[in-house]
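**Q** give me coordinates for this.
(chains A, B and C)
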Amino acid sequence: MPELPEVETIRRGLEEVLPGRKIVKIQKNRHGLRIPFPASLEAVRGQKITGIERRAKYLLIRLAGGQTIIIHLGMSGRLMIHAKGQKYVPEKHDHLVLALDNGTVIVFNDPRRFGLVDVADTEKLNKHRFFSHLGPEPLERKFTAAYLCEKLHGKKIALKLAIMDQTVVVGVGNIYASEALFDAGLSPFLPAGQLTPADAKKLVASIQKVLKAAIKAGGSSLRDYVQTDGELGYFQHHWAVYGKKGQKCKGCTCNTAKTGGVQQITQGGRSTFYCPVKQAV
DNA sequence: AGTGTCGCCTGAATGC
DNA sequence: TGCATTCAGGCGACAC
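**A** Predicted structure coming up:
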């Protein structure tokens, strides 16, 4: 699924082709995805795109008219760019198609339909229901060990769930939560409020490290992830613990015959992978 | 308020 | 072989 690094990679791809272009056609192939397509989506026709930004896992397409198209890819969403001259052949689950004034076609395909598209006034975006409650971006200065300790103070919730909480920090999904905790050598079960300042420092560094590495790799997390240029990519990414149940963790020095290797358990209805040796409570 | 659970959805993987 | 079941998960809604 697209997590922050994948969304950032897509943002960079879109930034290459969208700014300066005008949207000339909007084709809705169904009434909506997780939420209905807004009536105001029609009003973006004829508008010029001024920039592409990202907040958490949301893509933000800025329009000259003062509005922003909000796109979330959910679990299985893809954006594909068909440059002028590349024939657009409709595929199953192509839900929204935007045509630009230079012949480029942007397609939002999402089999599982957990994604969403909305339109909002750019100036009021921070008050929008998708954004008003969000915590800091993990790669920005506000996300520090001191902030994390203070935010988690008194919480009994498991650390893994805490760092996936959008109000704590955005963009850390199920895969990177497991990877970051492994990198930091912290137990996913630790009551979040018990995180020491020293370990918070490690955790912040590890979250930033794994996200940056994934962005550098060009986004990576799902097998069916497709880059915005339509090319398949990065399926070969190797996780340290994610998806490695029973196997040796990255750089493993454990006696896996005894430990059973990487453990897979469920927290909050989601799979958590961890090394019982390096991430002991 | 903090915490836990559910449901949305399809397709791949697994089970019998 | 083929059908049925399970699993994957972001995130809002809801229950306690």
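**Q** need the residues of the stretch 101-250 of chain A near DNA strand B, please.
**A** The stretch 101-250 of chain A comes close to DNA strand B at residues A:Pro111, A:Arg112, A:Arg113, A:Phe114, A:Gly154, A:Lys155, A:Lys156, A:Ile157, A:Ala158, A:Leu161, A:Ala192, as judged by C-beta under 7 Å from any atom of the strand. For glycine as for every other residue, the C-beta is placed from the backbone atoms N, C-alpha and C.
**Q** which of the residues you listed come close to DNA strand C?
**A** Restricting those to those touching DNA strand C (C-beta under 7 Å from any atom of the strand) yields A:Arg112, A:Phe114.
**Q** farthest pair in the residues of the stretch 101-250 of chain A next to DNA strand B?
**A** The most widely separated members of those, counting by C-beta to C-beta, are A:Pro111 and A:Gly154 (40.8 Å).
**Q** A:Val117 - that's part of a helix, no?
**A** No - counting by DSSP: H, G, I helix; E, B strand; the rest coil, A:Val117 is not found in a helix; it is strand.
**Q** just the strands in chain A please.
**A** In chain A, the strands defined using DSSP state E lie at A:23-28, A:49-55, A:58-63, A:67-72, A:78-82, A:94-100, A:105-109, A:116-121, A:263-267, A:270-274.
**Q** could I get these as TSV with mean neighbour count and mean pLDDT?
**A** Supplementary listing: these in TSV, determined by neighbours: other C-beta atoms under 10 Å; pLDDT from 0 to 100:
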stretch	mean neighbour count	mean pLDDT
strand A:23-28	15	96
strand A:49-55	19	96
strand A:58-63	22	96
strand A:67-72	23	95
strand A:78-82	22	86
strand A:94-100	20	95
strand A:105-109	20	92
strand A:116-121	19	95
strand A:263-267	15	92
strand A:270-274	20	94
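**Q** still on that earlier bit, show me which of A:Pro111 and A:Gly154 is the more surrounded one.
**A** It is A:Pro111, of A:Pro111 and A:Gly154, that has more neighbours when counted by other C-beta atoms under 10 Å, with 16 against 7.
**Q** can you list the weak-confidence ranges in the stretch 101-250 of chain A?
**A** For the stretch 101-250 of chain A, applying pLDDT under 70 flags the ranges A:219-237.
**Q** now do 50
**A** Across the stretch 101-250 of chain A, the ranges flagged by pLDDT under 50 are A:220-236.
**Q** who in it is up against DNA strand C?
**A** Counting by C-beta under 7 Å from any atom of the strand, the residues of the stretch 101-250 of chain A close to DNA strand C are A:Arg112, A:Phe114, A:Arg129, A:Phe130, A:His133, A:Met164, A:Gln166, A:Gly173, A:Asn174, A:Ile175.
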